[in-house]
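give the three-dimensional model of this entry:
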Amino acid sequence: KPIFFKGKAYFRVGKSAHRLSASEIRRLVKESNRYCWDEKICKEASLRDISEEKIKWYLEQKEKHRNISKRIEISYNQFLESIFAIKDKSPTNSGILFFGKNSLRFIPQAQLRLIKIKGNEIGGIILDRCDSNGTLWEMIEQAEEFFKKHINFMGIRSEKSFQREDKFDIPIRALRELVINSLIHRDYETNADVRVFIFDDRVEIINPGKFPKGVSPKKPLHKPVNRALSQYMYDIGFVEKYGSGIIFVRKLLKDNGNNDLEYSLSELETKAIVYSQSYNKKYLQKDTLKDTLKDTLKDTLKLLSDNENIVLKEIEGNPGVTANELSKILNINLRNTKKNIEKLKEKKIIKRTGSRKSGYWEVIK
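Sure thing, here's the model as predicted:
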């Protein structure tokens, strides 16, 4: 605990006393568990700034995800007061951020900004951007749409099958979870906003503030910075289990084939970094469907019989070759020759273009 002397605060370290700065005093107050910014009254806001439609939506989602009836026996104002969205007949910061008609009018630093940049450096060309608006849950929905628009959709083949598996290079659910964490655990008393940068090789999600004391990426305990906002997100199903967000993200990344989640921490901000699969060298990302089909064809050719390979080689050298000519080359009867041709057609390696007499064979590449 700090020591006060002549109106100044000090912190004892061994035999000496260290004078606390204003920022250090604010940090100690926040860590005392007696202070929650989101439960404080939002200055200049009034009950007229609360949206009844958003209250109804919240109650509907709470019933859907937590099986709690959307019907309440008290007034909306009494209900909001019970969940710390209203205090002394005025909206709190959490009330405005979750139920406000225009949240950013009163809390502009709550802005969530998303930027798509060409290349892997912050100075690259900006290809697209989204300055989200509305309540926190509306911002999260806007962020998810932005991710779906700019995260690569890739097709890969497993070692056991020629079938393509289509998926996002980075799981959208993991990015959504990180955005939710950044919005409910950030420091709202700074003027900085939450920023998301989508580079070619990674996504960075940066929020003001740092992990609470005793909490770290390796030790993600449930110790919310903004208790009311955290509870609201849980109520509507945006958060499934307290304290499991980082663990859940890491599992999603591992299952998708991405590198593990990384963090860059400082006194002012927290940066979560997710790398794309193209960054992970053990995965080969196909640039186009054509490249995938070419590799599939190469693997398929290894499984052809000797006669099928001879037929394919002759067709490549002479697209107009006839079944009778192939029969003589193979030294087998016409019936078995046609069977080899049909097998290649069924495997979609060759196709016939034109009529029997004037047409020709074409190898599908």
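
who's the spatially closest residue to Ile122 that is not a sequence neighbour bridged to?
Spatially, and ignoring its direct neighbours in sequence, Ile122 is nearest to Phe197 (6.9 Å; CB to CB, 6 or more residues apart in numbering). To be clear about C-beta, it is placed using only N, CA and C from the backbone, and glycine gets the same treatment. For Phe197, the beta-bridge partners under DSSP bridges are Ile115, Glu204.

following the chain onward from the helix or strand of the chain with the lowest mean pLDDT, which element is next?
Using mean pLDDT, DSSP states H and E, the weakest-scoring helix or strand in the chain turns out to be helix 289-301, at a mean of 51. As assigned by DSSP states H and E, the chain's next helix or strand after helix 289-301 is helix 306-317.

buried ones in that next one, by neighbour count?
The neighbour-count check on helix 306-317 (16 or more other CB atoms under 10 Å) flags 307-308, 311-312, 314-315 as buried.

centre of the chain to that helix, how far?
48 Å (CA atoms, centre = their mean, to the nearest Å).

make residue 1 into 11 and carry on from there
Okay, using 11 as the starting number, the last item reads as helix 316-327.

for whichever helix or strand comes after that helix, packing partners?
Going down the chain from helix 316-327, the next helix or strand is helix 333-340, by DSSP H and E. The contact analysis (3 or more CB pairs under 8 Å, 6 or more residues apart in numbering; DSSP states H and E) places helix 333-340 against helix 316-327, helix 344-356.

how about the contacts made by Pro181?
Neighbour list for Pro181: 262-263, 265-266, 268 [criterion: CB atoms under 8 Å, 6 or more residues apart in numbering].

and the spatially most central residue of the chain, what element?
The residue lying closest to the centre of the chain (CA atoms, centre = their mean) is Leu185, at 2.0 Å. Secondary structure from DSSP H and E places Leu185 in helix 182-194.

where in the stretch 61-210 of the chain is pLDDT low?
By pLDDT under 70, the low-scoring segments of the stretch 61-210 of the chain are 165-175.

kindly recompute the last result at 90.
132-134, 162-177 (pLDDT under 90).

now do the helices in it.
Ranges of helices in the stretch 61-210 of the chain, per DSSP state H, counting those that start in this stretch, are 62-76, 86-92, 103-109, 113-116, 146-160, 182-194.

pick the most deeply packed of those.
Most buried of the helices of the stretch 61-210 of the chain, by mean neighbour count (mean count of other CB atoms under 10 Å): helix 103-109, with a mean of 28.

okay, it in PDB with CA atoms only?
C-alpha atoms of helix 103-109 as PDB (Å, rounded to 0.1, in the frame of the first residue of the first chain):
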ATOM      1  CA  ASN A 103     -20.000   3.900 -19.100                       C
ATOM      2  CA  SER A 104     -21.000   0.200 -19.600                       C
ATOM      3  CA  GLY A 105     -24.600   1.200 -20.100                       C
ATOM      4  CA  ILE A 106     -23.700   3.600 -23.000                       C
ATOM      5  CA  LEU A 107     -21.300   1.200 -24.600                       C
ATOM      6  CA  PHE A 108     -23.800  -1.700 -24.600                       C
ATOM      7  CA  PHE A 109     -27.200   0.000 -24.900                       C
END
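
so what touches that helix?
47-52, 55, 59-61, 64-65, 68, 90, 94-96, 101, 113, 116-117, 120, 145-147, 198, 236, 238-239, 242.
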